[in-house]
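Asks: Any chance you can model this:
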Amino acid sequence: MISTADGGGSVPERSSPLWWLWAAISAVLFFAAMFPGMVNRRQMIWVSCGPVAGFLAIAAYSAKYDQPLHDLLPVYCGTVLGIALGAVGHGKAMRVFMAWRAENPGKPDDEGPDAPWMLQMALTLPVCLGGVIWYMNTY
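Replies: All right, here's what the predicted structure looks like:
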């Protein structure tokens, strides 16, 4: 269950049941980072679909390519955490943007207030996915 091939610290293998726990923790952290930036119920429901859609995507991939679902959980965790980390520290700016979005549903996003978390997400998501790719190839 735990790989120590490198002789150093222990890292859970892809088939470890611990990844189910990490997936649940990742989803909770996603909600904790994203919900404070939402201004109405509709936005909260929409944001809640993110982790569900991610899980459905890895489930579909698992079924299509006959790969065990638990082996893909690191990808799920990396994606969900990458998005959540992109929102950390930007709750106020996200609320301002989401309030504008609620008041102007048909306007393009670039006409609204600045969205500084977008740049942070553009950095954190590839970094987290890069870590996942490294992990998936190493363990």
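
Asks: Please count neighbours and contacts with C-alpha atoms only from this point.
Replies: Noted.

Asks: give me the element the most centrally placed residue in the chain is part of.
Replies: Of all residues in the chain, the one closest to the mean position by Cα atoms, centre = their mean is Val80, 1.2 Å from it. Using DSSP states H and E, Val80 sits within helix 73-87.

Asks: now for that helix, which elements pack on it?
Replies: Counting contacts by 3 or more Cα pairs under 8 Å, 6 or more residues apart in numbering; DSSP states H and E, helix 73-87 is packed against helix 18-34, helix 41-64, helix 116-138.

Asks: low-confidence ranges in the chain?
Replies: Within the chain, the stretches with pLDDT under 70 are 1-9.

Asks: what does the helix holding Val80 rub up against?
Replies: 14, 19-20, 22-23, 26-27, 29-31, 33-34, 51, 54-55, 58, 94, 117-129, 131-132, 136 (Cα atoms under 8 Å, 6 or more residues apart in numbering).

Asks: contacting residues around Ala32?
Replies: Contacts of Ala32 (Cα under 8 Å, 6+ apart): none.

Asks: Can you tell me the closest non-neighbouring residue to Trp19?
Replies: Leu73 (6.0 Å; Cα to Cα, 6 or more residues apart in numbering).

Asks: err, Val96, not the other one
Replies: Pro113 (7.3 Å).

Asks: Could you count how many residues lie near the one you found?
Replies: When neighbours are defined as other Cα atoms under 10 Å, Pro113 has 15 of them.

Asks: tell me the contacts of it?
Replies: Val96, Phe97, Trp100.

Asks: Same question for Gly37.
Replies: Counting by Cα under 8 Å, 6+ apart, Gly37 has contacts His90, Gly91, Lys92, Ala93, Met94, Arg95, Met98.
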